[in-house]
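Student: task: produce atomic coordinates for the following.
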Amino acid sequence: MDFLLTKNCIKSLKWAPLFYLLNAYWMLSNKQIFDGWVFPRLSNEEAMESGHHFYTTLTLNQTTPMLLLTLATVGTFLLRRYYKSNL
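Tutor: Next up is the predicted model:
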């Protein structure tokens, strides 16, 4: 074990909050759980519709705070990358 292993682990784990926020947003915007929408399938060959569409991001609902936190986190990562190379 050396310092390089720890450094690589921390480098990889810095993206974990962003992936967590994206997954949480996806789960909270699930219409089948929180709004009671059911999308029946007529046969097993059809893909199940999830109710996730772009218009769901344009409405104010229980997922709005998670979306704002995700956008702030992405902005923070982008600003850190930009200013780290310019400082």
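
Student: what segments of the chain are strands?
Tutor: Secondary structure of the chain (DSSP state E): no strands located.

Student: residue ranges of the helices in it, please?
Tutor: 3-13, 16-28, 31-34, 64-86 (DSSP state H).

Student: TSV for the ones you listed, including mean pLDDT, distance to residue 41 and mean neighbour count?
Tutor: No exception for glycine: its C-beta is placed from N, CA and C like everyone else's. Converted to TSV, these look like this (pLDDT from 0 to 100; distance: least, CB to CB, whole Å; neighbours: other CB atoms under 10 Å):
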stretch	mean pLDDT	distance to residue 41	mean neighbour count
helix 3-13	88	38	9
helix 16-28	86	21	14
helix 31-34	74	13	14
helix 64-86	86	29	12
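
Student: which among the ones you listed is found nearest to residue 57?
Tutor: Closest approach to residue 57 among the helices of the chain (CB to CB): helix 64-86, 6.4 Å.

Student: packing partners for that closest one?
Tutor: helix 16-28 (3 or more CB pairs under 8 Å, 6 or more residues apart in numbering; DSSP states H and E).

Student: can I get the helix it packs on in PDB? Just the C-alpha atoms.
Tutor: Extracted in PDB, the C-alpha atoms of helix 16-28 (Å, rounded to 0.1, in the frame of the first residue of the first chain):
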ATOM      1  CA  ALA A  16     -19.800  10.000  -5.900                       C
ATOM      2  CA  PRO A  17     -22.000  12.900  -4.700                       C
ATOM      3  CA  LEU A  18     -22.800  13.800  -8.200                       C
ATOM      4  CA  PHE A  19     -23.900  10.300  -9.100                       C
ATOM      5  CA  TYR A  20     -25.800  10.100  -5.900                       C
ATOM      6  CA  LEU A  21     -27.700  13.300  -6.700                       C
ATOM      7  CA  LEU A  22     -28.500  12.100 -10.200                       C
ATOM      8  CA  ASN A  23     -29.800   8.800  -8.900                       C
ATOM      9  CA  ALA A  24     -31.800  10.400  -6.200                       C
ATOM     10  CA  TYR A  25     -33.400  12.800  -8.800                       C
ATOM     11  CA  TRP A  26     -34.300   9.900 -11.000                       C
ATOM     12  CA  MET A  27     -35.900   7.900  -8.100                       C
ATOM     13  CA  LEU A  28     -37.800  10.900  -6.800                       C
END
